[in-house]
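Trainee: Just to be clear, the model below is a prediction. Sequence and coordinates:
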Amino acid sequence: MESFKKHLKDYFFAPKIVSVEDFVQEISGVRNIDNVELLFEFFEVYSSLTVSDKRQDFEQFANWAKTLLQDFNEIDRYLINPDYVFSYLKDIEVLKRWDLSPNNTTEIIDKQLEFWDCLPNYYSKFYNHLLEKKIGYQGLIYREAVKNIE
């Protein structure tokens, strides 16, 4: 610091220093929230989209939703088109059951395929729900920052 004082006659201000994460968040206009809050926000969306007789309670939902939220984060963080990912994953699940005739499917298999059909809707509604509140997870913040890069 003394070295600077010797070379400068007037006062000066140091540049504003921010972390990369804070910078990306500033560009996106979206605030990062923790995983617990994220889980409750997703449950709100899930509950609004799922008919009551097929809706799971929060404890059951939380078991699989944590993994799905991580997947949403990775999809957005790497700026992958979610429609391609969900379509690809559903096709894999269908191929796994290719050798089963429609008469041989079980209720569990049918529910699982139905779930894969719902994923794109869960993702898009959840994404828009978070954007309306200006909150999100890291991947969403990255995706929005890229949109606002100008």
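Mentor: Ah, there it is. Numbers count the residues shown, from 1 in each chain.
Trainee: Could you give me the buried positions within whichever helix in the chain runs longest?
Mentor: Counting by DSSP state H, the longest helix found in the chain is helix 107-133. Of all the residues in helix 107-133, those buried under the rule 16 or more other CB atoms under 10 Å are Phe115, Trp116, Leu119, Tyr122, Tyr123, Phe126, Tyr127, His129, Leu130, Leu131. Where you see a C-beta, it was placed from the backbone N, CA and C, and this is true even at glycine.
Trainee: Enumerate every residue touching the fifth one.
Mentor: Applying CB atoms under 8 Å, 6 or more residues apart in numbering, we find Tyr123 in contact with Phe72, Ile75, Pro82, Phe86.
Trainee: same check, this time on the fourth one
Mentor: The contact partners of Tyr122, by CB under 8 Å, 6+ apart, come to Phe42, Val45, Tyr46, Leu49, Leu68.
Trainee: show me where the chain has strands.
Mentor: For the chain, strands defined by DSSP state E occupy the ranges 31-32, 135-136.
Trainee: The last one pairs with which strands?
Mentor: Sheet pairing here is set by DSSP bridges, and for strand 135-136 it gives strand 31-32 (parallel).
Trainee: contact partners of the strand it pairs with?
Mentor: For strand 31-32, contacts defined as CB under 8 Å, 6+ apart pick out Glu21, Gln25, Lys134, Ile135, Gly136, Tyr137, Gln138, Ile141.
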